[in-house]
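Q: Here's a sequence, model it:
(chains A, B, C and D)
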Protein chains: 4
Amino acid sequence: MSGNTLGKLFCVTSFGESHGPAIGCVVDGCPPGMELSVEDIQRDLDRRKPGTSRHVTQRRETDTVEILSGVFEGKTTGTPIALLIRNEDQRSKDYNKIMDAFRPGHADYVYWQKYGIRDYRGGGRSSARETAVRVAAAAIAKKWLFMKYGVVIRGYMSQLGPIEIPFKQWKAVTQNAFFAANADVVPRLEEFMDKLRKSGDSVGAKIAVVAEGVPVGWGEPVYDRLDAEIAYAMMSINAVKGVEIGAGFAAVAQKGTEHSDEITPEGFLSNNAGGILGGISSGQDIVVNIAVKPTSSIRLARRSIDKAGNPVIVETHGRHDPCVGIRATPIAEAMLALVLMDHALRHRAQNAEVMCTTPKIPGKTAG
Amino acid sequence: MSGNTLGKLFCVTSFGESHGPAIGCVVDGCPPGMELSVEDIQRDLDRRKPGTSRHVTQRRETDTVEILSGVFEGKTTGTPIALLIRNEDQRSKDYNKIMDAFRPGHADYVYWQKYGIRDYRGGGRSSARETAVRVAAAAIAKKWLFMKYGVVIRGYMSQLGPIEIPFKQWKAVTQNAFFAANADVVPRLEEFMDKLRKSGDSVGAKIAVVAEGVPVGWGEPVYDRLDAEIAYAMMSINAVKGVEIGAGFAAVAQKGTEHSDEITPEGFLSNNAGGILGGISSGQDIVVNIAVKPTSSIRLARRSIDKAGNPVIVETHGRHDPCVGIRATPIAEAMLALVLMDHALRHRAQNAEVMCTTPKIPGKTAG
Amino acid sequence: MSGNTLGKLFCVTSFGESHGPAIGCVVDGCPPGMELSVEDIQRDLDRRKPGTSRHVTQRRETDTVEILSGVFEGKTTGTPIALLIRNEDQRSKDYNKIMDAFRPGHADYVYWQKYGIRDYRGGGRSSARETAVRVAAAAIAKKWLFMKYGVVIRGYMSQLGPIEIPFKQWKAVTQNAFFAANADVVPRLEEFMDKLRKSGDSVGAKIAVVAEGVPVGWGEPVYDRLDAEIAYAMMSINAVKGVEIGAGFAAVAQKGTEHSDEITPEGFLSNNAGGILGGISSGQDIVVNIAVKPTSSIRLARRSIDKAGNPVIVETHGRHDPCVGIRATPIAEAMLALVLMDHALRHRAQNAEVMCTTPKIPGKTAG
Amino acid sequence: MSGNTLGKLFCVTSFGESHGPAIGCVVDGCPPGMELSVEDIQRDLDRRKPGTSRHVTQRRETDTVEILSGVFEGKTTGTPIALLIRNEDQRSKDYNKIMDAFRPGHADYVYWQKYGIRDYRGGGRSSARETAVRVAAAAIAKKWLFMKYGVVIRGYMSQLGPIEIPFKQWKAVTQNAFFAANADVVPRLEEFMDKLRKSGDSVGAKIAVVAEGVPVGWGEPVYDRLDAEIAYAMMSINAVKGVEIGAGFAAVAQKGTEHSDEITPEGFLSNNAGGILGGISSGQDIVVNIAVKPTSSIRLARRSIDKAGNPVIVETHGRHDPCVGIRATPIAEAMLALVLMDHALRHRAQNAEVMCTTPKIPGKTAG
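A: This is a model prediction of the structure:
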């Protein structure tokens, strides 16, 4: 209820502050009998972790995960899986300066007003460090969705600041520091980021995430629509300011004849719906776009106030991502996986015995 | 769990199909002692109801609400408030043609696959008619938020198809059929809609909603962030394909120095955050934009399949809104009200005794 | 959250006051495709309704239920089923006397302190009239549990005041006004009740409920144990003061060698566990006992205070059950059905693919 | 949803197996600003821990708790408090014998059928070891309830097997190994237990728990009644088979004139209700009794079957409590504290502004 648990049947309860002893989570609701090892989780954590290129923060967190429960002799038992990540490279003193000041664009001021107390070191609970536990928990969901239904969830950066990055091929995504699905644009991105870093400023980004292989029928019809839950999950990522499903804001200027996806026995002819109709998966690719705002922690001077209400100037030095969007791709994938996992379980609770003889319509894949 | 209940402390449980005996809801969690009459609710229902101009559907639903419980001698008692709206102007036979076919862009196909059975008349449960109960429930929330905190929630259409509608003044909104906050653009909108209606096609729209007077501190820090819950609520409205908070997708191309809102003792200097920082309200206006897709029910011929998987041509005659976005403004307001109400209650559960001596920062109002 | 919704996957949201326009509920989560008619529900309502013998209240409520949604062409659709029961025989003026006084043993005083307002007519929301909607909702669950798993849920009165009623045969239960499973005791019960009614006093009762045919594996291991949820459901019935599973309080004086049920390939040798081990159904009969307190509304003079804190004498005339336990049997069955239904759905969400080759142990049936 | 989270506003999510790396929990919803140290929690853990007398299990678990998050500079911050207890004295090989056999009275068989896999070492997740985390979490609730409302929660053993232990004084409870509130009976209890231990058998017990100082108004009126939630919480303790509120099963044979508690301006004249009317606290002491079954793990030979369905003889050696009821007192207190804490927060969410001028009725204290 205090907003640290995600999901209804596949529940992730997160804890931990950026500069406390540890972060972690309890994953409750994973079906029993699935093989699960630390490596399954570590692989995804490593995609998100800091320090992997010069374009992201240079903190040295190994983000080593420990499984505390719920796995026995290499298999899930159906009981809660607790994951623990000890914090390591903390430079809490970096934050003494902001102990009494509110960094613009950060949650400092609102935490202070809401709780009357805050762990100011590294943003405490509001730090993007918390997203590591989402990635860890989602690794379990991703594995189950793939093993059970063949669902594949992948993301890429589609825009960095002013630079659009047209999708070219999935293969490219793992071969550059930006999760760009297009090798040709990478040199421009590197140049842009190098300049930006020197300037001390930061920039936003746009991320696309796609889930292939989701069966028709997941999601609920009125409030817990699959698209609503995805919007919630994406908007719960630090720094996200916008979410689109399928055509998204482009739908505003579309005509009905352009937008609604015609159907033939051979399949849908387009995917403006982004794989979701009436809140329920259609069997087409689920396509989501998110807007990530520029990092709020920048070296350049910004006006603010302190706890007494006096004006101050805030310059954030520390070690920060000049574009938090760069590391957002695995996090966005994680959130999509968590929502789909939850709905996979929800679907079979109520609809286990539905047998529909109508043939499934083949989807038109995105990208 | 089957997705017909919204909210955690202020809970709305919705029921009813478009062409069944009735629609309605149970509102649980309203604080006791607030004056509440049928008129308080009917007023908002009338803003959403069909048939108010030639630009919307010509169905004749009076949408008359009955309060079945939870109000005693004109005041809420703290027990569940059940609201009932009997269905009236049903032309179920209009739908016989689509009994066996799946209308493109509609939930027909996914319902059929998910449930193995569907009430096809008027879209059944997936009909936008369900949004009437959201508006009814939200009228209670709106009243409480205003009486208790002075919160005012208002929306307007900011784009109709290709036509942008710059905000000019709130007063204009009630004086045209489009919820446009700008009288000058109305003639163009009318002309556009008249042509569109004749063509048999439909179009999308963009709606903005603003909540003024929300105190600092509402929302949760990690998963049930205020922005995440708003994104969920908005995306749960039929036909919505995108949600933005504050700067939204514009944040992608912004620099950190542009985006993050500086603070002075006199107030925030901008509102790119849209009134929410780290998932918690900042005391600034909460600003939300949504993209509404074009109506899927159009007269023009569309390809589809039937229940046996054979190709069919679907032309939807009946009486449909050529732009569902027109009636979306009161619905979007309703969803924002429901989220804020829930968080108002959640906030005081955990944070009732927080007394913060730091002065509240005045917000910069939007628009 | 305000406590008017029961269940997590099969959710019943109840509304209505004793003397308001109506009571009813929304049942969300019923699987689609089950045949359901008003008669299926009415049958159970009639078992609970007032006025069926001289031993219960003489109110004339027909308790006629209307299905407002969720059923199409005689089958459930998987969408919310709203049930409505209009109130009929209200003598609100009977209650004017207690408008300002708190009846001992009733919720009058605590409602007043909690809400600062209360619908005093007939107890308002705290009236046992609300249990009619539980019985109505549970009729759906009972039918599904029987159709799908062959589960049969039955109850009987095992003690009336000081008179123990040994179980003899199920058949007897429907043949007397007390739900006694033993025809021989009925004359004594009638005599006892006739005297009691004349005296103006009331008396308690003990009810047993048994579920046969529940498969092994329903329930959760730590907090949402099947026995915990049953205890919750039973204690939520007005007037219930105690709950036992299996041996119950007799287990206090038992030795381990007496209590724990031995197992042979032919089956369990006893059922002290009451069909639940570690919170999970064992495949044996689920056996529950509840204690129902004597009716608080009695003709005899009782001391109390009024809203100003002054001493008053309360005599409750109206038309009241001298033993609310008599009509409690169908309500207790209903609550057990609702819990089992919820756990049937929960079980298959997480454990759908578990295939266990160990043979199921035959249960030892109770009674 | 998989039953490892307790509470709605004060949420405890538990994890861990008896012989895995650790047990622990995440406590979400604690108000900010309360002083909290490891000692506050350790104190209660020590009351429950094994090895404190010859009458309980001789395992050597120090049950040392670590606070991983949610506390900053000695105060709660309003963010999740994660508690970790590493397992220490594990003799997993003790359990090899029961790897393939189902111990009578244990959850072995039902886990196996439900999950198709189980951590058999020490009962895994079904071990009473899990109750340590409940005690740890409840220490936080207890402290808050006392600091904020002066609520005091205490329990005692009222019966050990056949020996009733009349309440004499609270002071006695801490001065013997049995939590007996009566020093005179202790020699008999010791003698009884010494004999029992030698015999290899086990025995049940009855525990009473009392909460003093609970304000009028906590609880919900229909489903989440305070008594229903208490019944749930108590029945969720391993080995509990019965729960009573106030008069409990004695109410069956009571007349209305005996049972219902009369009220005078000086206070209630009795407390048969056990402090709860219509599901809501009345301001009187909350009085709960529970029945604890005899330990299932005994040295004496018991019949059972193995995974293949073949008959086996089970004798459980290891180190077991001959009466699990002895260590149940702090656990029962913990469960009552968790329920009250949750309802304290729930109450103020909806009812924060209720101001009732009717004087509060003084309670009659129990015992």
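Q: Next secondary structure after the helix or strand containing residue A:15?
A: For residue A:15, the host element (DSSP states H and E) is strand A:11-16. For strand A:11-16, the following helix or strand on the C-terminal side (DSSP H and E) is strand A:22-28.
Q: how about that following strand as CSV, C-alpha atoms only?
A: Only the C-alpha atoms of strand A:22-28 are listed here, as CSV (Å, rounded to 0.1, in the frame of the first residue of the first chain):
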residue,chain,number,x,y,z
ALA,A,22,21.7,-3.3,0.9
ILE,A,23,18.9,-3.3,-1.6
GLY,A,24,16.8,-6.2,-2.6
CYS,A,25,13.3,-7.7,-3.0
VAL,A,26,11.0,-10.5,-2.3
VAL,A,27,9.5,-12.1,-5.4
ASP,A,28,6.3,-14.0,-4.5
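Q: Remind me what the following helix or strand past it packs against, helices and strands.
A: For strand A:22-28, the following helix or strand on the C-terminal side (DSSP H and E) is helix A:38-48. The contact analysis (3 or more C-beta pairs under 8 Å, 6 or more residues apart in numbering or on different chains; DSSP states H and E) places helix A:38-48 against strand A:65-67, helix A:131-149, helix A:328-351. Quick note: C-beta positions are derived from backbone N, CA and C, even for glycine.
Q: Look at residue A:303 and say how many residues are nearby.
A: 14 (other C-beta atoms under 10 Å in any protein chain shown).
Q: so what's residue A:95 closest to, chain neighbours aside?
A: The shortest distance from residue A:95 to any non-neighbouring residue, by C-beta to C-beta, 6 or more residues apart in numbering or on different chains, is to residue A:121 (4.7 Å).
Q: that older thread, report the buried residues of the strand holding residue A:15.
A: Of the residues in strand A:11-16, A:11-16 count as buried by neighbour count, 16 or more other C-beta atoms under 10 Å in any protein chain shown.
Q: ditto for stretch A:47-67
A: Neighbour-count burial for stretch A:47-67, counted by 16+ other C-beta under 10 Å, picks out A:47-50, A:55-57, A:59, A:61, A:63, A:65, A:67.
Q: Can you give me the neighbour number for whatever residue of the stretch 251-367 of chain A ends up closest to chain D?
A: When scored by C-beta to the nearest C-beta, the stretch 251-367 of chain A has residue A:345 as its residue closest to chain D, at 8.4 Å. When neighbours are defined as other C-beta under 10 Å, residue A:345 has 25 of them.
Q: for it, what are its contacts?
A: Residue A:345 makes contacts with A:9-10, A:29, A:31, C:349-350, as judged by C-beta atoms under 8 Å, 6 or more residues apart in numbering or on different chains.
Q: follow-up on the earlier one: between the buried residues of strand A:11-16, which sits nearest residue D:128?
A: Nearest to residue D:128, judged by C-beta to C-beta, of the buried residues of strand A:11-16 is residue A:13 at 22.7 Å.
Q: which residues sit in contact with the closest residue to chain D within the stretch 151-300 of chain A?
A: Going by C-beta to the nearest C-beta, chain D is nearest to residue A:224 of the stretch 151-300 of chain A, at 13.2 Å. By C-beta under 8 Å, 6+ apart, the contact set of residue A:224 is A:8, A:279, A:346, B:1-3, B:236.
Q: still on that earlier bit, the residue of the stretch 251-367 of chain A closest to chain D - nearest residue in space that isn't next to it in sequence?
A: Nearest residue to residue A:345 in three dimensions, chain neighbours excluded: residue A:9, at 3.9 Å (C-beta to C-beta, 6+ apart).
Q: Touching, the one you found and residue A:346? I think so.
A: Yes. Using C-beta atoms under 8 Å, residue A:9 is in contact with residue A:346, at 5.4 Å.
Q: These two - which one has more neighbours?
A: residue A:346 (27 against 23).
Q: show me the contacts for the more buried one.
A: Shown in contact with residue A:346 (C-beta under 8 Å, 6+ apart): A:8-9, A:218, A:220, A:224, B:1-2, C:349.
Q: can you put the residues you listed in a markdown table and add pLDDT and distance to residue D:339?
A: Shown next, in a markdown table, are these (pLDDT from 0 to 100; distance: C-beta to C-beta, whole Å):
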| residue | pLDDT | distance to residue D:339 |
| --- | --- | --- |
| A:8 | 95 | 22 |
| A:9 | 96 | 24 |
| A:218 | 97 | 35 |
| A:220 | 95 | 30 |
| A:224 | 95 | 28 |
| B:1 | 68 | 23 |
| B:2 | 84 | 27 |
| C:349 | 91 | 26 |
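Q: quick one: which of the residues you listed sit in helices?
A: Taking DSSP state H as the definition of helices, those contribute residue C:349.
Q: out of the contacts of residue A:346, which are buried?
A: For those, a neighbour count by 16+ other C-beta under 10 Å gives the buried set as A:8-9, A:218, A:220, A:224, B:1-2, C:349.
Q: How about residue A:201: what's its closest non-neighbour residue?
A: Counting by C-beta to C-beta, 6+ apart, the residue nearest residue A:201 is residue B:255, at 4.9 Å.
Q: Let's see the pLDDT reported for residue A:202.
A: If you check residue A:202, the pLDDT there is 97.
Q: One more: residue A:358?
A: 82.
Q: So it versus residue C:250, what's the distance?
A: Distance, residue A:358 to residue C:250, by C-beta to C-beta, to the nearest Å: 56 Å.
Q: what residues does the stretch 51-200 of chain A put near chain D?
A: A:66-70, A:72, A:75-82, A:84, A:114-119, A:124-125 (C-beta under 8 Å from any C-beta of the partner chain).
Q: Now with 6 Å, please.
A: Within the stretch 51-200 of chain A, the residues that sit near chain D (C-beta under 6 Å from any C-beta of the partner chain) are A:68-69, A:72, A:75, A:77-80, A:82, A:115-117, A:119, A:125.
Q: interface residues of the stretch 201-350 of chain A facing chain C?
A: Contact residues, the stretch 201-350 of chain A versus chain C (C-beta under 6 Å from any C-beta): A:345, A:348-350.
Q: before we move on, what about the stretch 1-150 of chain A?
A: So the stretch 1-150 of chain A meets chain C at A:9, A:29, A:31 (C-beta under 6 Å from any C-beta).
Q: count of neighbours near the second one?
A: Using other C-beta under 10 Å, residue A:29 has 24 neighbouring residues.
Q: so the residue nearest to residue A:345 touches residue A:29, yeah?
A: Yes. Assessed by C-beta atoms under 6 Å, residue A:9 is found in contact with residue A:29 at 5.1 Å.
Q: tell me the pLDDT at residue A:49?
A: You'll see residue A:49 listed with a pLDDT of 83.
Q: Can you name the residues that contact it?
A: Counting by C-beta atoms under 6 Å, 6 or more residues apart in numbering or on different chains, residue A:49 touches residue A:63.
Q: If you rank the residues of the stretch 51-200 of chain A next to chain D by neighbours, which is first?
A: With neighbours set by other C-beta under 10 Å, the maximum within those is found at residue A:79, which has 33 neighbours.
Q: So for the closest residue to that one other than its chain neighbours, what's the pLDDT?
A: Closest residue to residue A:79 apart from its sequence neighbours, by C-beta to C-beta, 6+ apart: residue D:125 at 4.3 Å. At residue D:125, the model reports a pLDDT of 93.
Q: ok, residue D:125 to residue D:64 distance?
A: From residue D:125 across to residue D:64, the span is 21 Å (C-beta to C-beta).
Q: Other residues contacting stretch A:179-191?
A: Outside stretch A:179-191, the residues that touch it by C-beta under 6 Å, 6+ apart are A:156-157, A:160, A:165-168, A:172-173, A:176, A:178, A:329.
Q: Is residue A:234 in a helix, a strand, or coil?
A: Secondary structure state of residue A:234, per DSSP: H, G, I helix; E, B strand; the rest coil, is helix.
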